[in-house]
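**Q** Using only what follows, build the 3D model:
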Amino acid sequence: MGIQIDVVAGYPINDEMERVLGLAEAVGEPVSVTFMWEGGEESERAVLVPAATLALWEHWAPTDYPASGAGDENQAVAAEPELAHPKEFGAFTLFRRRVGGRTAVARKGVVVAELLNPDEAHYLQEKARNVRQGFMDPKQRAAFEEFRARQASPDEQ
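**A** Here you go, the predicted structure:
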């Protein structure tokens with residue numbers, strides 16, 4: 001991932017969350033975050049991905065993250081997904097999705113980032129990079145074919 005930041009947060013309302021959101025928006029890169037909730041023993045890891053970066057990843061990697069049981073051993077299995085009511089925290093609102101576990105982060109009614117599972121963020125980033133690197137637009141492909149046609153064959157060298 002792009003940047004590694006650990007945030008100690010009792011509630012997402014504090015200034016550190018606002019700074020992390022600002023950093024993610026400013027650099028346009030995913031920010032790894034560890035939430036160590038006050039009074040809780042377990043920490044929660046997530047990746048805060050700016051909305052534009054996530055849109056780009058999902059453009060190049062249109063397939064969904066596989067919903068396998070990998071990494072879900074310590075999560076409670078619920079019969080039905082929990083209700084996903086928006087929660088307001090200071091300047092931003094969190095919209096937790098009922099399916100998939102993502103949380104959209106909105107400021108003034110605009111989604112500015114999403115909190116993703118680190119495995120899903122890594123999967124999307126890698127898949128998008130691999131697809132994008134294998135893509136050539138038609139003009140680039142024609143120029144490359146022309147270049148290859150002008151090269152001597154390995155037998156002639």
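
**Q** For stretch 31-50, buried residues please.
**A** For stretch 31-50, the neighbour count (16 or more other Cβ atoms under 10 Å) marks Val31, Ser32, Val33, Phe35, Ala46, Val47, Leu48, Val49, Pro50 as buried. For every residue, glycine as well, the C-beta is placed using N, CA and C.

**Q** Can you give me the end-to-end span of it?
**A** Taking Cα to Cα, to the nearest Å as the measure, stretch 31-50 stretches 9 Å from start to finish.

**Q** which residues in the protein form helices?
**A** Assigned by DSSP state H, the chain shows helices spanning 15-27, 51-60, 118-133, 138-150.

**Q** And for the longest one, what's in contact with it?
**A** Applying Cβ atoms under 8 Å, 6 or more residues apart in numbering, the set of residues contacting helix 118-133 from outside is 1, 30, 32, 45-47, 49, 54, 56-61, 63, 65-66, 70-71, 102, 116.

**Q** Next, the buried residues of it.
**A** Those would be Pro118, Asp119, Glu120, Ala121, Tyr123, Leu124, Gln125, Lys127, Ala128, for helix 118-133 by 16+ other Cβ under 10 Å.

**Q** residues touching the nearest residue to Phe135 once chain neighbours are set aside, list them.
**A** Closest residue to Phe135 in three dimensions, ignoring its sequence neighbours and counting by Cβ to Cβ, 6 or more residues apart in numbering: Trp60, at 7.9 Å. Neighbour list for Trp60: Lys127, Ala128, Arg129, Val131, Arg132, Phe135 [criterion: Cβ under 8 Å, 6+ apart].

**Q** lowest average confidence, helix or strand, in this structure?
**A** strand 3-4 (a mean of 60; mean pLDDT, DSSP states H and E).

**Q** picking up where we left off before, now for the buried residues of stretch 31-50, which pair is the farthest apart?
**A** With Cβ to Cβ as the measure, no two of these lie farther apart than Phe35 and Pro50, at 18.4 Å.
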